[in-house]
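Engineer: fold the following for me, if possible:
(one chain, ligands or ions: 1)
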Amino acid sequence: MAAQEAAVDTVRDREIGVEQEHLDQVYRRLEEKIHEAEFLMEDAAKRGHVGTPGALAERDAQVYRAGIHLNRLNNEFEDFLFGRIDLLQGKDGVKGPDGAYTSVEPADDAVRNDNTADIAETLHIGRIGVLDADYAPLVIDWRAPAAAPFYRSTPVEPGRVVRRRVIRSKGRRVLGVEDDLMRPELTARLGGAELPVIGDGALMAALGQARTHTMRDIVASIQAEQDLVIRAPAASVTYVEGGPGTGKTAVALHRAAYLLYQDRRRYAGGILVVSPTPLLVAYTEGVLPSLGEEGQVAIRAVGSLVDGAEATAYDDPAVARIKGSSRMLKVLRKAARGALELGEARATERLRVVAFGRRLELEGEELQRIRHAVLGGTTPVNLLRPRARRLLLDALYAKSGAATRHTDPELAAELRSSFDEDVASEDPFIEFLDAWWPELTPRGVLDAMADERRLGRWARRILNPGEVRRLARSLRRAGLTVHDVALLDELQTLLGTPARPKRKRELDPLDQLTGLEELMPQREETQRERAERLAAERIEYAHVIVDEAQDLTPMQWRMVGRRGRHATWTIVGDPAQSSWPDPDEAAEARDEALGTRPRRRFELTVNYRNPSEIAELASRVLALAMPGMRSPHAVRSTGVRPRFTVVRDDLEMTVREEARRLLDQVDGTVGVVVAMRRRAEAAQWLAGLGDRVVALGSLEAKGLEYDATVVVSPAEIADESSAGLRVLYVALTRATQQLTVVSAKADEPDADGVPDLLRS
Ligand SMILES: Nc1ncnc2c1ncn2[C@@H]1O[C@H](COP(=O)(O)OP(=O)(O)OP(=O)(O)O)[C@@H](O)[C@H]1O
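Structural biologist: Residues are numbered from 1 along each chain as shown. All right, here's what the predicted structure looks like:
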């Protein structure tokens, strides 16, 4: 036995040595490339001394490009070579642009009758592609077509792949290799020797690792069903459903990286990733740079989609229900137009001007009628001001009697235009118009809705009096909630932004001296600054990815839809985890946001997060929340069952003790999930336990994961809203290793401490 193990070790060491040799070769090549980039930077800097405008612009561009190049190489230096595939001879001998053979299927004679074969091609896969000096591939970018078999091949459909190897390395050192055999029935030879196989595969190794507060990329172990989604062509709408832990978030982010790689020009228009919470943004935003991107991807929480509004506060479920519902659209339409009446009453009672030596007046019903006429149709209110001005002038002119003074049309027109000029420049007219048709802001209208009586008028026959009271009360509170942000965005559309005269660009004195301004737009703004400015100003994107899509409310779908009117979409979600009480209403709003674009659907079926012991417990809640819905299949088992405990002296003490217990047992993070209303106190309970443990309100747990979790009072979480059981399902599926459930009285625990909701 010992001899056998030693032999395996020798083979392993030898194979590590083989990969080390390859890695050394790659590093030598990378170093050459870094020197090239540095040379480019230096050369560019030298050119900077040449004072012609053209040279300066060229320098900017070169420094920018070389900067990206260097940055990339330095960033990717760590751990960037991670895979290898050994392939049979392909059907044809055609090579693609990355230097690899393109054929996916083996040649008819690739396998001999006695089930032996030769390896015809070996490819190494990494985070970026590296060619050697003769343009042969040393490393294939994971997103290149030639890398697809690394992810797609399975023992059922192996294609040309005989052996798939995952390589672990740190810096310049190869630490280990894990192999999967795709054609175990074959005896394959490489360079005359039999192909050795090491380890039990990389997936299990990755899944067992301790979790940190940021997500890791999965490029080394993407599974076949996930790869299909990641590489699906970006036409129209790609819709992905899958239960907890099936890799939806991971797949969505890797898809962003794939799309950028595949069509960088198109996606320079930006990729927006919409995430449900700032916590999930923080958890995921590190993943993309490590995949080698350059900032075209914006990951935004749904409460931060409107610039200047960073909302993190939650409404209580009854108010959220009102604010998220598509009924709000009607209320907002009324409010956007009704808010015009908020101008100061005395200033808007009567318009009085003097023209052609006469005193002219409009008041009361005449003004009402004009306003009514202007507001007909759906044009945004702020854009109607010129029309309001015109109709006021029409009415005043009619009163002046001048209309009948001339029969000659040319003279009449002249008279009218001098009337308009006179009146419109009079202070009383300007002041009246400002008060009677003020420029409305979304924030101003939302504040106006906080007045219950006014809101009652605007919401008549749309919301009932109880809803009006709750909504007005919530709007009176200081600060924005996550749901307010979608209302602001809707109001922005309903109000519109009037065109303003462009501010003249401030001139640089140097420009004036040398007249460079025309020649050199680059001087004001480097390309990088320009890219950053565009990213900040951008509200429409080339591709929109919606994570946890099941949670978007109808009003949020409208907001997100506006950011991707011309985009392609990837939408990932799980109806069983929806915290929105009316999934049909949300689906309708989603379909409206996406229009008639064709949908392609994918399903992910394997749970990579939870061990089967935890998945089984969660499936009991799934059966209550969504009867008949299938649980994803958990790939791992830890042998550790969930622990049930009942509140001992007090809740705080019990939770604290359980958290501490788990901190001792796992290397990574511990999450304590409580009902939303306990969010603040739960953070206090954990004071002093260190930063490996965090407290989360149930809605904040969305999308996150921890080595271990404590779920506090399932009944309390389930009772918080009509979507409570689905929220509880989310809470129970966050742990990668261990789960402790703490029950209070309301949970009606049995003798073993198992709460009523979780009994089988
Ligand atoms: N192919 C894979 N290789 C390694 N780890 C994977 C793979 N697929 C998923 N995982 C891991 O499984 C965990 C769950 O993935 P992810 O958070 O993307 O799932 P999800 O479907 O979005 O879950 P939820 O719906 O619960 O938010 C993550 O730790 C992820 O890294």
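Engineer: how about the residues of the stretch 551-700 of the chain that lie near the ligand?
Structural biologist: 574, 577, 608-609 (Cβ under 6 Å from any ligand atom). In this view, the C-beta of every residue, glycine as well, is placed from N, C-alpha and C.
Engineer: mind checking the longest helix of the chain?
Structural biologist: When the chain is scanned for its longest helix (criterion: DSSP state H), the result is helix 2-47.
Engineer: distance from the chain centre to that one, please.
Structural biologist: 35 Å (Cα atoms, centre = their mean, to the nearest Å).
Engineer: and if you look at stretch 150-162?
Structural biologist: 31 Å.
Engineer: equivalent analysis for stretch 657-669, please.
Structural biologist: With Cα atoms, centre = their mean, you get 31 Å for stretch 657-669.
Engineer: what sits up against it?
Structural biologist: With contacts defined as Cβ atoms under 8 Å, 6 or more residues apart in numbering, stretch 657-669 is touched by 210-213, 643, 645, 670, 672, 685-686, 689-690, 692-694, 706-708, 710, 736-738, 740, 742.
Engineer: same check on stretch 745-758?
Structural biologist: 617, 620-621, 624, 644-647, 713-716, 718-719, 725, 728, 741, 743, 759.
Engineer: among those, which are in helices?
Structural biologist: 617, 620-621, 624, 714-716, 718, 725, 728.
Engineer: can you tell me which of the residues of the stretch 551-700 of the chain next to the ligand is nearest Val18?
Structural biologist: Closest approach between those and Val18, by Cβ to Cβ: Tyr608, at 29.4 Å.
Engineer: helices or strands next to whichever strand or helix holds the closest one in the packing?
Structural biologist: Using DSSP states H and E, Tyr608 maps to strand 606-611. If contacts are counted by 3 or more Cβ pairs under 8 Å, 6 or more residues apart in numbering; DSSP states H and E, strand 606-611 sits against helix 202-207, strand 633-636, strand 735-743.
Engineer: in a markdown table: the ones in helices among the contacts of stretch 745-758, plus distance to Pro438 and neighbour count.
Structural biologist: Formatted as a markdown table, these follow (distance: Cβ to Cβ, whole Å; neighbours: other Cβ atoms under 10 Å):
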| residue | distance to Pro438 | neighbour count |
| --- | --- | --- |
| Leu617 | 58 | 21 |
| Arg620 | 57 | 17 |
| Val621 | 52 | 23 |
| Leu624 | 53 | 14 |
| Pro714 | 51 | 28 |
| Ala715 | 51 | 21 |
| Glu716 | 47 | 20 |
| Ala718 | 47 | 26 |
| Leu725 | 47 | 20 |
| Leu728 | 48 | 29 |
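Engineer: let's have the residues you listed in CSV, adding pLDDT.
Structural biologist: Formatted as CSV, these follow (pLDDT from 0 to 100):
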residue, pLDDT
Leu617, 97
Arg620, 96
Val621, 97
Leu624, 96
Pro714, 98
Ala715, 97
Glu716, 97
Ala718, 97
Leu725, 97
Leu728, 98
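Engineer: which of the residues in the particular helix or strand that has Ala252 in it are buried?
Structural biologist: Assigned by DSSP H and E, Ala252 falls within helix 248-262. Using 16 or more other Cβ atoms under 10 Å as the burial criterion, the residues of helix 248-262 that qualify are 248-261.
Engineer: on that earlier part again, which among the helices and strands packed on strand 606-611 is found nearest to Pro581?
Structural biologist: strand 735-743 (24.5 Å).
Engineer: for that closest one, what is the average pLDDT?
Structural biologist: Averaged across strand 735-743, pLDDT comes to 97.
Engineer: equivalent analysis for stretch 141-153, please.
Structural biologist: Stretch 141-153 shows a mean pLDDT of 90.
Engineer: count of neighbours near Ile140?
Structural biologist: Other residues lying near Ile140 total 27 when counted by other Cβ atoms under 10 Å.
Engineer: may I have the strands that pair with the helix or strand it falls within, each with its orientation?
Structural biologist: Ile140 belongs to strand 137-141 when elements are defined using DSSP H and E. Here strand 137-141 is paired, per DSSP bridges, with strand 121-126 (parallel), strand 130-131 (antiparallel).
Engineer: tell me the most buried of the helices and strands packed on strand 606-611?
Structural biologist: strand 735-743 (a mean of 26; mean count of other Cβ atoms under 10 Å).
Engineer: what helices and strands are in contact with it?
Structural biologist: strand 606-611, helix 612-625, strand 643-646, helix 651-665, strand 706-712, helix 714-718.
Engineer: Ile167: what secondary structure?
Structural biologist: Three-state call for Ile167 (DSSP: H, G, I helix; E, B strand; the rest coil): strand.
Engineer: and the residue nearest the centre of the chain, helix, strand or coil?
Structural biologist: Taking Cα atoms, centre = their mean as the criterion, Val273 is the residue nearest the geometric centre of the chain, at 2.1 Å. Judged by three-state DSSP, the three-state class of Val273 is strand.
Engineer: my guess is Thr709 meets Val655, correct?
Structural biologist: No. Counting by Cβ atoms under 8 Å, Thr709 does not reach Val655; the two are 11.5 Å apart.
Engineer: neighbour count winner among these two?
Structural biologist: Counting neighbours by other Cβ under 10 Å for Thr709 and for Val655 shows that Thr709 has the greater number, 30 against 24.
Engineer: what packs against the host helix or strand of Arg385?
Structural biologist: Element membership for Arg385, per DSSP H and E: helix 385-400. Packing partners of helix 385-400 (3+ Cβ pairs under 8 Å, 6+ apart): strand 350-355, strand 358-363, helix 364-375, helix 409-424, helix 427-436.
Engineer: got a list of contacts for that helix?
Structural biologist: Here helix 385-400 has contacts from 351, 353, 355-356, 358, 360-362, 366, 370-371, 373-374, 379, 403, 416, 419-420, 423-424, 429, 433, 436-437, 439, 498, using Cβ under 8 Å, 6+ apart.
Engineer: would you agree Ala718 is in contact with Val730?
Structural biologist: No. If you go by Cβ under 8 Å, Ala718 and Val730 don't touch, sitting 11.3 Å apart.
Engineer: tell me which strands and helices the helix or strand hosting Arg600 is in contact with?
Structural biologist: Secondary structure from DSSP H and E places Arg600 in strand 599-604. Contacts defined by 3+ Cβ pairs under 8 Å, 6+ apart place strand 599-604 against helix 224-230, strand 237-242.
Engineer: average model confidence for the first one?
Structural biologist: Taken as a whole, helix 224-230 carries a mean pLDDT of 91.
Engineer: name the residues that touch it?
Structural biologist: 148, 151-154, 218, 222, 238, 240, 247, 250-251, 254-255, 258, 602-606.
Engineer: make it 7 Å
Structural biologist: 148, 151-152, 154, 222, 238, 240, 247, 251, 254-255, 258, 602, 604-605 (Cβ atoms under 7 Å, 6 or more residues apart in numbering).
Engineer: what does stretch 434-448 give?
Structural biologist: By Cβ under 7 Å, 6+ apart, stretch 434-448 touches 335-336, 339-340, 342-344, 347-348, 381-382, 385, 388, 454, 475, 484, 487-488, 491-492, 495, 498.
Engineer: distance from that stretch to the middle of the chain?
Structural biologist: Centroid displacement of stretch 434-448 relative to its chain, using Cα atoms, centre = their mean, is 32 Å.
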